[in-house]
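*Asks:* Give me a 3D structure for the following:
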Amino acid sequence: MYYYHVLGQLLAGQFPQSYQRYGESRSRLGTLRYDDIRGERAIFGEPSHCIERIHQIREALDIQQLMGWMNIGGMPHDKVLRSMRLFAERVLPALS
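*Replies:* Numbering: from 1, shown residues only. This next block holds a predicted model:
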């Protein structure tokens with residue numbers, strides 16, 4: 001949720017016509033709920049859930065790359081490292 005809050009703040013203001021979609025995004029960011037983000041906009045949770053979602057997205061969109069952002073919303077460093085370790089040890093091997 002922190003990411004979307006910060007993004008909404010960054011997108012405040014007027015936009016040239018060619019960037020109107022950014023302004024529209026800002027208004028939607030304020031209405032996002034946890035379930036919206038978990039269901040459609042992010043992958044997080046138990047390794048088994050992450051593996052399942054990545055497989056679903058890979059199949060639906062034929063993606064070849066995935067960007068991971070493990071340091072969300074000021075998480076303590078030890079939790080960030082734990083997330084990275086879990087991803088490397090339990091999620092990545094299942095994607096090969």
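
*Asks:* outside of stretch 77-93, which residues touch it?
*Replies:* Stretch 77-93 has contacts (Cβ atoms under 8 Å, 6 or more residues apart in numbering) with 47, 50-51, 54, 68, 70-71, 75. C-beta coordinates here come from the backbone N, C-alpha and C atoms, glycine included.

*Asks:* ranges for the helices of the chain?
*Replies:* Along the chain, counting by DSSP state H, helices occupy 2-10, 20-29, 34-36, 47-61, 77-86, 92-95.

*Asks:* Touching the longest one from outside, list them.
*Replies:* Residues external to helix 47-61 that are found in contact with it (Cβ under 8 Å, 6+ apart): 43-44, 63, 66, 86-87, 90-91, 94-95.

*Asks:* remind me which residues of this protein are low pLDDT?
*Replies:* Scanning the chain for pLDDT under 70 picks out the ranges 1-30, 36, 38-39.

*Asks:* Apply 90 and report the result again.
*Replies:* In the predicted model of the chain, residues 1-45, 63-75, 96 satisfy pLDDT under 90.

*Asks:* hmm, back to that, only the buried subset of the contacts of stretch 77-93, as a ChimeraX command please.
*Replies:* To isolate the buried subset of the contacts of stretch 77-93 in ChimeraX, counting by 16 or more other Cβ atoms under 10 Å, use the following:
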select :50,51,54
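
*Asks:* now, among the contacts of stretch 77-93, which is nearest to Asp35?
*Replies:* Closest to Asp35 out of the contacts of stretch 77-93 is Cys50 (16.7 Å), distances taken as Cβ to Cβ.

*Asks:* Against Thr31, how distant is that closest one?
*Replies:* 25 Å (Cβ to Cβ, to the nearest Å).

*Asks:* cool, and His49?
*Replies:* From His49 across to Thr31, the span is 24 Å (Cβ to Cβ).

*Asks:* who's more crowded, the two?
*Replies:* Remark: of His49 and Thr31, His49 carries more neighbours, 13 against 8, as counted by other Cβ atoms under 10 Å.
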